[in-house]
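Novice: Please find the sequence and the predicted model below.
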Amino acid sequence: MTKKKILFLTGTRADFGKLKSLIKAVKDSAMEYCIFVTGMHTMNRYGYTVDEVNKAGFNNIHIFMNQIYGEPMDMVLANTINGLSRFIHENRPDMIVVHGDRVEALAGAIVGSLNNIFVAHIEGGELSGTIDGLIRHSISKLAHLHFVANEEAAARLTQLGENPKSIYIIGSPDIDIMLSSTLPLIDEVKQYYDIVFEHYSIVMFHPVTTELDKIHSDISELVDALIETKRNYVVIYPNNDEGCHDIFAGYERLRKLERVKMFPSLRFEYFLVLLKHADFIIGNSSAGIREAPVYAVPSIDIGTRQNGRFDHNTINHVNPCKNEILKAIAETRNLVHNKPQPCMYFGQGDSAQKFIAVLKSEELWKLSKQKQFYELEKHIWKEKTM
């Protein structure tokens, strides 16, 4: 098999955390790799997390600024397609790897499929609220290969017409890092970020793009509740989706409080350590749905952003109402007392190992780039008549 070149596309701190172990596995193999870094990574308002990619020890990094603050998602998509298309025509890869449900990943899938390049989608088949769900499934329909977290996600992709032979269950790649023995100690993390309080909780709240008229009210209810509890909080900035300015405005009431530390972004490994030792995580981030249960950390999920996603006994779903939020915060004490077990529904920490094994398979590279719709009922009928 000829030496393959794999391009990873990352647009946010979150998807880089998901891709990191996979990039390292490719780096340690005989394959070539490059990383196309764009999106929130390149924005100073969000901590210019290009630095995090550089600190991870990876080479062959290409940086492309695809937006200015406040630019709408359709323009961000168009900008990313333009920049990535020019890049791959000069540095043609054999495969483009994208993750999740962001517009940058959609751009990668569009550019790859239109240029007859294998597109590999990480964590397709998941359910996510708002526009994200539409984007995720669109990426899956453009992708040739699917690396999913579990059987449930694989079944959804088959339901979407994806051939089971193109679907590989590897688990969620960030669990590789979550279960790693090389994570820093909590004291080191607190010192790095100057977090002086012993007990704290994490706040992550993002815009719901289909409910823009409610964001101001929702963040006001959350901030009212946080102030009333008089607890310590580590607040991480929202993503750059439309409506984020309302969340930034709401957070201004927290900025001068000594018991609140606010960060544009956190290094992924450091965030995981803070999450592992937090009293709870609150907001509407997928971290409360996916990562928190792995550490058995209580999660308070506010509003509709995560509707339909995985549920667990460590997750408390509430409306964006101050009284409901306060009640949920009080109930976290009972949950901790009951000592919930870690949830390994999304993987066992061996995703990178499974991923690289698939990439090294000659059979993978023989798959046709001409996709065919997999008719589920037709195949069921064939099985019944055999």
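Specialist: Done, it's in. Residues are numbered from 1 along each chain as shown.

Novice: Tell me where the model's unsure across the stretch 101-250 of the chain.
Specialist: By pLDDT under 70, the stretch 101-250 of the chain has no low-scoring segment.

Novice: all helices of it, in order?
Specialist: With DSSP state H, counting those that start in this stretch applied, the stretch 101-250 of the chain shows helices at 103-114, 130-142, 151-159, 174-178, 186-193, 215-229, 244-251, listed in chain order.

Novice: could you dump the ones you listed to a markdown table with mean neighbour count?
Specialist: The C-beta positions use only the backbone N, C-alpha and C, and glycine is treated the same way. Output for the helices of the stretch 101-250 of the chain, formatted as a markdown table (neighbours: other Cβ atoms under 10 Å):
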| stretch | mean neighbour count |
| --- | --- |
| helix 103-114 | 25 |
| helix 130-142 | 19 |
| helix 151-159 | 17 |
| helix 174-178 | 24 |
| helix 186-193 | 15 |
| helix 215-229 | 20 |
| helix 244-251 | 18 |
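
Novice: Indicate which one of these is closest to Phe310.
Specialist: Of all the helices of the stretch 101-250 of the chain, the one in closest proximity to Phe310, counting by Cβ to Cβ, is helix 151-159 (8.5 Å).

Novice: Return the list of helices and strands in contact with that closest one.
Specialist: With contacts defined as 3 or more Cβ pairs under 8 Å, 6 or more residues apart in numbering; DSSP states H and E, the secondary structure elements packing on helix 151-159 are strand 145-148, strand 167-169.

Novice: Given the last one, what are its sheet partners and their directions?
Specialist: Strand pairing for strand 167-169, using DSSP bridges, gives strand 145-148 (parallel).

Novice: before we move on, back to that, can you redo the helices and strands packed on helix 151-159 as JSON lines with distance to Ser138?
Specialist: Conversion of those to JSON lines gives the following (distance: least, Cβ to Cβ, whole Å):
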{"stretch": "strand 145-148", "distance to Ser138": "13"}
{"stretch": "strand 167-169", "distance to Ser138": "17"}
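
Novice: Just tell me which of the ones you listed ends up closest to Ile81.
Specialist: Relative to Ile81, the nearest member of the helices and strands packed on helix 151-159 by Cβ to Cβ is strand 145-148, separated by 20.4 Å.

Novice: Pull out the CA atoms of that closest one and give them to me as CSV.
Specialist: The C-alpha trace of strand 145-148 is given here as CSV (Å, rounded to 0.1, in the frame of the first residue of the first chain):
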residue,chain,number,x,y,z
LEU,A,145,-16.3,6.6,5.9
HIS,A,146,-17.9,6.8,9.3
PHE,A,147,-16.1,6.4,12.6
VAL,A,148,-18.8,6.3,15.3
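
Novice: now what about that strand, what contacts it?
Specialist: When contacts are taken as Cβ atoms under 8 Å, 6 or more residues apart in numbering, the neighbours of strand 145-148 outside the stretch itself are 95, 118-125, 140, 154, 157, 162, 166-170, 351, 355, 358, 364, 367.

Novice: Kindly report the same for stretch 331-345.
Specialist: Residues contacting stretch 331-345 (Cβ under 8 Å, 6+ apart): 150, 175, 279-280, 293-296, 298, 300, 310, 312-314, 316.

Novice: How far does that stretch stretch from one end to the other?
Specialist: Using Cα to Cα, to the nearest Å, the span of stretch 331-345 from its first residue to its last is 24 Å.

Novice: cool, and stretch 304-322?
Specialist: From its first residue to its last, stretch 304-322 covers 16 Å (Cα to Cα).

Novice: List the contacts of the nearest residue to Ile175 once chain neighbours are set aside.
Specialist: For Ile175, the nearest residue in space outside its immediate sequence neighbours is Gly347; the separation is 4.3 Å by Cβ to Cβ, 6 or more residues apart in numbering. Remark: with contacts taken as Cβ under 8 Å, 6+ apart, Gly347 is in contact with 149-150, 170-173, 175-176.

Novice: what about Gly347, which SS state?
Specialist: Secondary structure assignment for Gly347 (DSSP: H, G, I helix; E, B strand; the rest coil): coil.
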